[in-house]
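S.K.: When you get a sec, could you give me coordinates for this:
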Amino acid sequence: MLAKKMELNWYVLQTKSKQENLVELYLSSANIEVFNPKIQEIRIVREKRKKVTVPLFPCYVFAKLSPSLFDLVIYTRGVRKILGVNGRPKPIKESIVETIKERINGNNHIYIPENCTLEEFCPGDYIVVVDGPLKGFVGVVEKVSTTKAIVMLISMDYQVKAEIHKFLLRKIDPEDLE
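M.R.: Numbers count the residues shown, from 1 in each chain. Okay, the predicted model is just below:
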């Protein structure tokens, strides 16, 4: 009898702070497919504007795994845990990763324009992402800063927090969701 090949699924890995690239390097060297989307933005560094590349999802990367690789991944330097339910890793839909991949350019990141109009948001506002790799996702604003908002995305299998530039968001009426 032939052994059944283990099916690979996408999982979200939580990493230690600023360890996304290191985790990507270690897992890739173990022949594990890793997706670590990045965003290019303008920041003020030493009083000068500078383009910097940062993770689209700070402290998270996606990895395509079979359950037999969980121990290897969990003990990889820089990995905190594999996200799941009740302490058990739960795969995410492949379509989520594919949607994000379709909306980024060839070097795994998107560029944030320097001049853009920012809509004002308050915690509790319902929003829709209007552009970028998360286009079409719906969420609730949890916290706002001058240029970004922490949003709880509610259109995934389970809720995920994401820090998203405000120019990519538009308010919506919660009644429109029904």
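
S.K.: From here on, just use CA atoms for contacts and neighbour counts.
M.R.: Noted.

S.K.: any idea how far the most centrally placed residue in the chain lies from V160?
M.R.: Central residue of the chain (Cα atoms, centre = their mean): F57, 3.7 Å from the mean position. Separation of F57 from V160 (Cα to Cα, to the nearest Å) stands at 10 Å.

S.K.: before we move on, what about I92?
M.R.: I92 is 11 Å from V160, where distance means Cα to Cα.

S.K.: who's more crowded, those two?
M.R.: Counting neighbours by other Cα atoms under 10 Å for I92 and for V160 shows that I92 has the greater number, 19 against 12.

S.K.: quick one, what contacts the more buried one?
M.R.: Counting by Cα atoms under 8 Å, 6 or more residues apart in numbering, I92 touches N9, W10, Y11, V12, D157.

S.K.: got a list of what the third one touches?
M.R.: Pointing back at Y11 there. Applying Cα under 8 Å, 6+ apart, the residues contacting Y11 are F62, A63, K64, L65, I82, L83, P89, K90, P91, I92.

S.K.: repeat for Q14
M.R.: Q14 touches C59, Y60, V61, V79, R80, K81, I82, L83, counting by Cα under 8 Å, 6+ apart.

S.K.: at 6 Å instead, please
M.R.: C59, Y60, R80, K81 (Cα atoms under 6 Å, 6 or more residues apart in numbering).

S.K.: now the helix or strand where I127 lies: how far from the chain's centre is it?
M.R.: I127 is part of strand 126-129, with elements assigned from DSSP states H and E. Taking Cα atoms, centre = their mean, to the nearest Å, one finds strand 126-129 lying 16 Å from the centre of the chain it belongs to.

S.K.: average pLDDT across the following helix or strand past that strand?
M.R.: Note on strand 126-129: by DSSP H and E, the next helix or strand toward the C-terminus is strand 138-144. Across strand 138-144, pLDDT averages out at 88.

S.K.: continuing past strand 138-144, what's the next helix or strand?
M.R.: strand 148-153.

S.K.: Which neighbouring elements make contact with that following strand?
M.R.: Counting contacts by 3 or more Cα pairs under 6 Å, 6 or more residues apart in numbering; DSSP states H and E, strand 148-153 is packed against strand 138-144, strand 160-165.
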